[in-house]
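In: coords below, sequence missing:
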């Protein structure tokens, strides 16, 4: 039986090489990939999430752990069936809206969400509605996350929401964030969620992809 | 290099000191006590019977400055070295001797009890950036003639840390010194391993009152470290201008220092002070006035020029509440005090012209102290020159959050304040129930009280101290309050 407690510890410490090696060893010992994923990697990230929530660890440690988990995932990915492969938390397409070149907050959301097990497709800055829609379709995204820093560019979020609907993508949850954005604005433009910071964005994503989440 | 405040050119310091020596040598100091006056004459200071002024020959003062230690160690209750007052090493300490406290429930000032003091001492003992304690306020539930020593007893019984204290009457020091010596082998051991700094205040201008001169002589006799604290009022009992005020201030401090060295060469003396302005309209004495702050930082420069440790009443506020004024005045004072390199900064916790002590403010000031101390850390190269490799990594990765340099350095470099400095965003703060600083301070106070774990005094020692108070107080046999905190 693999030492999953030690593997969790290596994920926690951000030791990429050890995590990849232990993942390979577990598979060679005949353990099912899903078990390795759940007990070796995701269990560790749950502890990371809790420790971050209670200020026992900080952003760099979370990102390091996420990177170690990703190293393990790279070993597992080819062996997971399509449905198993999708059993990670979900896929999120992220981008800063057209006309806006600010991306620090959006990048942080991406990194933290990746740390929580989401697959991130980051479209960068100055992203048009067409680019968002194409990426959502291509990656079969569960969530579209948009960011804006300027009051002059935030209005483009409504354009994206409208065009997503027009494109028949109502089932995809749309989340918005950025300094000038508020819950009221999210409600006004018909987005499904708003988060004020990277930490609460991850919680929002988890709520939106939970099986009990209300239909979009 | 440690960030430092440069207040005065060396040449100006020398001119100020020249004038100070002249004032001491020619004008001298009024000793408002026949016994004190005689004692100073016995110690060799020239005195005029008619005016009861003593003068201080320059050579005597210069010898006293040379005899006074440039640094000294404070010891804890059990006699272990606790901290050294030296160089630019800064300690923040609760301010002393408030008449009232700000009630935590009502937010109104009221008289304090011994239980309030125990609560304060337990909290202060736990605060990471409050270096040691003071006898911060005066409990009113004991006879007033023992209130000075009683405060010190409460502090010693509650915390092992050193205490800044002082006596209220001319006979106060010996009783307090006797009590402190019970924690040591004998009187000389107390002088060798002091646990306390005593405040002695000349009466501006150029006068030592009866109680104060006796306290000064007694402290020096016992070898208790002394902070000499003149209280100038700029424009009223001091020149309104900074240089003139510094001459007067220095003359008063050096008179105390010289007397202490004549009594017992080597007695530690802090070049202290609590200069205030005089408000020409309200007739109040703002201690946090901007011109007073300049006097503070000026005399710190003089003390450092003379190689003496220094003390200040900074980090307090004249506001009546823990409001924006209190935060601004305290923060400004504490940062300046740290930059000036004051070794002992009395101020945290204090409001209303040193009349009212607030435990919530003390908790808030503990955080300000952390900020001020953090700011004065030396700026050094830390694997960041050359910088290009770091910038290359930043441009490659888009961030440095997981860079080896960040991982190694950020815990030391990026200070995470405690709850008194709100760094949440609006939504997080809203989720927490929108706690204001008073509510957050209340939580920290409760946590500190729960974490308190200082061993109690040995019962025999405790009983002996209580006997000392009950036998020497003006109300013999008075029932003294139990050592309980107010909950």
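Out: Received, thanks. These numbers were taken from a predicted model, which means no experiment stands behind them.
In: Output the lowest mean pLDDT helix or strand found in chain B.
Out: helix B:426-431 (a mean of 88; mean pLDDT, DSSP states H and E).
In: For the stretch 351-487 of chain B, which residues are neighbours of chain A?
Out: Contact residues, the stretch 351-487 of chain B versus chain A (C-beta under 8 Å from any C-beta of the partner chain): B:398, B:399, B:401, B:402, B:406, B:407, B:410, B:425, B:426, B:427, B:428. Quick note: C-beta positions are derived from backbone N, CA and C, even for glycine.
In: Run through the residues that contact the closest residue to chain A within the stretch 301-450 of chain B.
Out: Chain A sits closest to residue B:427 of the stretch 301-450 of chain B, with a gap of 3.7 Å, by C-beta to the nearest C-beta. Residues near residue B:427 by C-beta atoms under 8 Å, 6 or more residues apart in numbering or on different chains: A:196, A:197, A:200.
In: if we can go back for a sec, and the residues of the stretch 351-487 of chain B next to chain A, which of them are buried?
Out: Taking 16 or more other C-beta atoms under 10 Å in any protein chain shown as the criterion, what is buried in these is B:399, B:401, B:402, B:406, B:407, B:410.
In: Mind pulling up the pLDDT for the second one?
Out: The one in question is residue B:401. For residue B:401, the pLDDT comes out at 92.
In: State the distance from it to residue B:414.
Out: 11 Å (C-beta to C-beta, to the nearest Å).
In: The third one too?
Out: The spacing between residue B:402 and residue B:414, counted by C-beta to C-beta, is 15 Å.
In: What residues does chain A have near chain B?
Out: Residues of chain A lying near chain B by C-beta under 8 Å from any C-beta: A:14, A:58, A:59, A:60, A:63, A:64, A:67, A:107, A:111, A:196, A:197, A:200.
In: now, among the buried ones among the residues of the stretch 351-487 of chain B next to chain A, which is nearest to residue A:120?
Out: Residue A:120 lies nearest to residue B:399 out of those, by C-beta to C-beta, at 14.2 Å.
In: Show me the contacts of residue B:427 that map onto strands.
Out: Applying DSSP state E to the contacts of residue B:427, no entry is found in strands.
In: May I see the buried residues of stretch A:189-205?
Out: Within stretch A:189-205, the residues scored as buried using 16+ other C-beta under 10 Å are A:189, A:191-202, A:204-205.
In: Over to stretch A:139-155?
Out: Neighbour counts over stretch A:139-155 (16+ other C-beta under 10 Å) mark A:141, A:142, A:143, A:144, A:145, A:146, A:147, A:148, A:149, A:150, A:153, A:154 as buried.
In: Can you tell me how far the third one is from residue B:245?
Out: When you say that, I think you mean residue A:143. Remark: distance between residue A:143 and residue B:245 (C-beta to C-beta) = 66 Å.
In: what do you get for the second one?
Out: From residue A:142 over to residue B:245 the distance is 70 Å, taken as C-beta to C-beta.
In: now the longest strand seen in chain A: mean pLDDT?
Out: The single longest strand within chain A, with elements called by DSSP E, is strand A:90-96. Regarding strand A:90-96, the rounded mean pLDDT is 96.
In: next one: stretch A:192-209
Out: When pLDDT is averaged along stretch A:192-209, the result is 92.
In: and if you look at stretch B:317-337?
Out: 97.
In: tell me the strands in chain A, going along the chain?
Out: Going by DSSP E, chain A shows strands at A:90-96, A:118-122, A:143-147, A:173-177, A:193-194.
In: Cool, thanks, signing off.
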